[in-house]
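Participant: Would you be able to build a 3D model of this:
(one chain, ligands or ions: 2)
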Amino acid sequence: MSQTVQRKLIIDDAVPYAKAIFGHLGNVISLPGRDIDAQAVETCDALIVRSRTQVNQALLANSNAQYIGSTVVGLDHIDQAYLSETKRQFYSAQGCNANSVAEFVLHALLLLAEKQGFDLSSKSLGIIGVGHVGKCLQQKAQALGMRCLLNDPPRARAEGTQAFSHLNETLQADIISVHTPLTFDGADKTYHLLDRAKLATLKPEQIIVNAARGGIIDEAALIDTVLAAKIIDCWENEPHINPDLAAQSFLISPHIAGHSFEAKLAGSTMVYADLCHFWQQPQQQDWQQNLPEKPAIIELSEAQEWQSSLLAILQNTHLIQNDDQAIRSDPTHFETYRRHYPVHHEWHMHRVKETRNQKLNEILRALNFTLCSESK
Ligand SMILES: NC(=O)C1=CN([C@@H]2O[C@H](COP(=O)(O)OP(=O)(O)OC[C@H]3O[C@@H](n4cnc5c(N)ncnc54)[C@H](O)[C@@H]3O)[C@@H](O)[C@H]2O)C=CC1
Ligand SMILES: O=C(O)C(=O)[C@H](O)COP(=O)(O)O
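Facilitator: Ligands and ions are numbered 1, 2, ... in the order given. As a prediction, the model looks like this:
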């Protein structure tokens, strides 16, 4: 009698529902991403990572893994050339967390606007890197009435320059947010894209956001640059954060901008669909029975002008100050906090009781909240 050998899958333990989703495909072994080493992957058939495992020859030289999946977007930890040379299937969940990052950035900016007493809609936003995240951020910022300057040389070459600005012009926006990949070579390399010389052109009234990768902005030079605010989610030497940059930043977080529940789940399910296709297995849906319930309806207790009201609603979805406090109080919590990150849901999962402020209602709809007339 022939016996089928069960396949073995090594999966980062921060991949949500890993056993429930992938379990029918084989034996799932969950490990912290940083502990997935050459020995762990020797006899596996599939390796599914997030961003904490360096996927390269050193990891895979003695591994049977024919399938490598990444449930995140950044590719700077993956040696794609090696995977292709060794004829391994590679898939990464591009776009899975774009909405999460865009929501995080806009929420942080609203928090800052309220704290510093300015009207966010009167500010210009320079977006450097206008891919999945940048486009999502542009749509949300424009819904608030912000003017966006877009810098993306690869897109400008492919689509024409009309919609795009030169980097120097983009750097004149009131707020600058980087959303490129981290790359080290080629015409569009982004390592230290904002170097000391570029940062020296900024004025003290400007604001900078990095929720892309540490290293795109020269961190040492950024510390020497006086700005109205710095919002830093990604750091050059994670999990070690620069204490000087942390101390002078308005909001810091441990690389969690893309960690909404929906983004993490989308990362898992996109890889799952691809792996089922690769192994020619039908997809199963049973795991969906255990998803969390819809969040309760949000109702504003008192009418305020639109910006304060919007911030109050966003704070009901996610207290991003907690992410700041978690590492500000003890920077050694960086990795554990993000690995056990509290669940929060994206805006489209929330229902909000319609307000009497029509401008606010319109903005809420444009930001994908569901408006309802009843509180229950
Ligand atoms: N903080 C977090 O949790 C997260 C961080 N990220 C980071 O954000 C990056 C962007 O994510 P996506 O928008 O999904 O990627 P994407 O690949 O859809 O977009 C990146 C865009 O950057 C552009 N670009 C490349 N080089 C450039 C340069 N030198 N100057 C200006 N633009 C340039 C590309 O043409 C592309 O349009 C990822 O590569 C990742 O490193 C992504 C998700 C979550
Ligand atoms: O998708 C990316 O790129 C990211 O930066 C992810 O949000 C990182 O998530 P982890 O792998 O660090 O959990």
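
Participant: Same question for residue 148, what's its three-state structure.
Facilitator: Using DSSP: H, G, I helix; E, B strand; the rest coil, the secondary structure recorded for residue 148 is strand.

Participant: Would you mind writing the CA trace of stretch 175-185 as PDB?
Facilitator: These are the backbone C-alpha positions of stretch 175-185, laid out as PDB (Å, rounded to 0.1, in the frame of the first residue of the first chain):
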ATOM      1  CA  ILE A 175       4.900  67.200   4.800                       C
ATOM      2  CA  ILE A 176       7.100  64.600   3.200                       C
ATOM      3  CA  SER A 177       6.400  60.900   3.400                       C
ATOM      4  CA  VAL A 178       8.600  58.200   1.900                       C
ATOM      5  CA  HIS A 179       7.100  55.100   0.400                       C
ATOM      6  CA  THR A 180       9.800  53.500  -1.800                       C
ATOM      7  CA  PRO A 181      11.400  50.100  -1.400                       C
ATOM      8  CA  LEU A 182      14.900  50.000   0.100                       C
ATOM      9  CA  THR A 183      17.300  49.300  -2.800                       C
ATOM     10  CA  PHE A 184      21.100  49.600  -3.000                       C
ATOM     11  CA  ASP A 185      21.800  49.700  -6.700                       C
END
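
Participant: Which residues in that stretch does the neighbour count mark as buried?
Facilitator: Neighbour counts over stretch 175-185 (16 or more other CB atoms under 10 Å) mark 175-183 as buried. From N, CA and C alone the C-beta is placed, and that goes for glycine too.

Participant: can you check stretch 41-49 too?
Facilitator: 41, 44-49.

Participant: For residue 76, which non-adjacent residue is spatially closest?
Facilitator: Distances taken as CB to CB, 6 or more residues apart in numbering put residue 182 closest to residue 76, at 4.6 Å, once the chain neighbours are dropped.

Participant: same deal with residue 121?
Facilitator: With sequence-adjacent residues excluded and distances taken as CB to CB, 6+ apart, residue 121 is closest to residue 145, at 3.6 Å.

Participant: Which part of the stretch 151-300 of the chain gets nearest to ligand 1, residue-wise?
Facilitator: The minimum distance from the stretch 151-300 of the chain to ligand 1, using CB to the nearest ligand atom, falls at residue 258 (2.8 Å).

Participant: Report the contact partners of that residue.
Facilitator: Residue 258 sits next to 72-73, 97-98, 100-101, 104, 211 when contact means CB atoms under 8 Å, 6 or more residues apart in numbering.

Participant: what do you get if the cut-off is 10 Å, keeping everything else the same?
Facilitator: For residue 258, the contacting residues are 51, 72-74, 96-104, 133, 211, 233-234, 264, 267, by CB atoms under 10 Å, 6 or more residues apart in numbering.

Participant: Just the buried residues of the residues you listed.
Facilitator: Buried members of the contacts of residue 258, scored by 16+ other CB under 10 Å, are 51, 72-74, 96-104, 133, 211, 233-234, 264, 267.

Participant: Helices - which of the residues you listed land there?
Facilitator: Using DSSP state H, the subset of the buried ones among the contacts of residue 258 located in helices is 98-104, 133, 264, 267.

Participant: As JSON lines, those with pLDDT and distance to ligand 2 would be great.
Facilitator: Shown next, in JSON lines, are those (pLDDT from 0 to 100; distance: CB to the nearest ligand atom, whole Å):
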{"residue": "98", "pLDDT": "98", "distance to ligand 2": "9"}
{"residue": "99", "pLDDT": "98", "distance to ligand 2": "12"}
{"residue": "100", "pLDDT": "98", "distance to ligand 2": "8"}
{"residue": "101", "pLDDT": "98", "distance to ligand 2": "8"}
{"residue": "102", "pLDDT": "99", "distance to ligand 2": "13"}
{"residue": "103", "pLDDT": "98", "distance to ligand 2": "13"}
{"residue": "104", "pLDDT": "98", "distance to ligand 2": "10"}
{"residue": "133", "pLDDT": "99", "distance to ligand 2": "9"}
{"residue": "264", "pLDDT": "97", "distance to ligand 2": "8"}
{"residue": "267", "pLDDT": "98", "distance to ligand 2": "7"}
